[in-house]
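S.K.: Sequence isn't available, so here's the structure alone:
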């Protein structure tokens, strides 16, 4: 029997024989007096032509959505088609790291539910997850410099404040775009810590030092790679966990450098507009690392302002994104009224704008400081081309400000 002679009637006869044999094609072949392979071929051809009266077997994971037929002018079915869809059902599997944001429901005219959509979003990390990240970050920690107390006199009347502002750890910059230095995590670590150590070597042997983080030490706060308030997308060097690890590593090594130089070290990490959430983790990580060290005190205050009374000196600090420089002296006078009346040398340190300014208002010297990093593509395109440096301020308990140490980065 040729292929041309395999009419629908012939194939329907084969289908009926197979159905009568309960699907046993060998038995159907004997009943028809034909070869089993011939019957198998003809049955498969009948399936392809849609002559079995049922759809072909659905692929794994799919189910029949709809069937349609096409008939000729005499009413004979000439073709059948079947549409499949992914099989539904089963419990909802929320992706790791996500939580349910909302549910949309499609109903018919009678109000019966026909379909639901479940929307998820990235979940905030729990304190336990943050703690686990911090613990893992210290597993491979190796100090940048040995914490050795030099056997020399430390002046009890001297204080050195290391200005750490706008480090933007996690930022990436391409020299082809910016015309400046390439910038990734490994380069940032080497440059920031090398400069910090040079500033420390220039500093006097003050009894006490403050590692003063003025905010935006981290470039971004989550997997969204954007500033939290405005949602501006950032050029990032790596995934968020790697950036958190790098921030902990760089800051801890900076503290170790200060600890090598000074008898006591206070660590202050203020929030900026880029990193309000990350600073919480950085403070927690450093407090855990130095929890048994009586020479290092890590502040856990979430206050956006920092104050220190040191003899005749009153020192204030904030990132600078929430207040105008001209308002800071009055804020200092109101928030620290007793210290204001008992001091004569008053200084307020800010960052945020990435360049140096100095204004004296009401007897208070208000500083903004350079950032030690190169411009990224956005700031370079805007023409924000301020210089780069890192600085420390020195204070005497009785004599006030005693100069600065600045290392410029070219």
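M.R.: Happy to help now that I have it. The model shown is predicted, which means the values in this text are computed figures rather than measured ones.

S.K.: Surely residue 42 and residue 10 touch.
M.R.: Yes - using Cβ atoms under 8 Å as the test, residue 42 is close enough to residue 10 to be in contact (7.2 Å). (C-beta placed from N, C-alpha, C; glycine too.)

S.K.: Those two - which one has more neighbours?
M.R.: residue 42 (24 against 13; other Cβ atoms under 10 Å).

S.K.: State the mean pLDDT of whatever helix or strand the more buried one lives in.
M.R.: Using DSSP states H and E, residue 42 sits in helix 36-49. If you average the pLDDT over helix 36-49, you get 81.

S.K.: what packs against it?
M.R.: Applying 3 or more Cβ pairs under 8 Å, 6 or more residues apart in numbering; DSSP states H and E, we find helix 36-49 packed against helix 8-20, helix 25-32.

S.K.: could the ones you listed go into TSV alongside distance to residue 409 and mean pLDDT?
M.R.: Below are the helices and strands packed on helix 36-49 laid out as TSV (distance: least, Cβ to Cβ, whole Å; pLDDT from 0 to 100):
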stretch	distance to residue 409	mean pLDDT
helix 8-20	83	85
helix 25-32	82	88
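
S.K.: possible to save the ones you listed as a markdown table with distance to residue 247?
M.R.: Putting the helices and strands packed on helix 36-49 into a markdown table (distance: least, Cβ to Cβ, whole Å) gives the following:
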| stretch | distance to residue 247 |
| --- | --- |
| helix 8-20 | 70 |
| helix 25-32 | 69 |
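
S.K.: Quick check: which of those helices is nearest to residue 322?
M.R.: Each of the helices and strands packed on helix 36-49 has some distance to residue 322 by Cβ to Cβ; the shortest is helix 8-20, at 79.2 Å.

S.K.: what comes into contact with the closest one?
M.R.: Applying Cβ atoms under 8 Å, 6 or more residues apart in numbering, the contact partners of helix 8-20 are 1, 24-25, 28, 31-32, 39, 42-43, 45-46, 49, 51-53, 76.

S.K.: out of those, which are buried?
M.R.: 25, 28, 32, 39, 42-43, 45-46, 49, 51-52 (16 or more other Cβ atoms under 10 Å).

S.K.: For stretch 342-350, buried residues please.
M.R.: 343, 345-350.

S.K.: Can you flag which of those belong to strands?
M.R.: Using DSSP state E, the members of the buried residues of stretch 342-350 that fall in strands are 345-350.

S.K.: out of those residues, who's nearest residue 292?
M.R.: So of those, ranked by how close each gets to residue 292 (Cβ to Cβ), first place is residue 349, at 29.9 Å.
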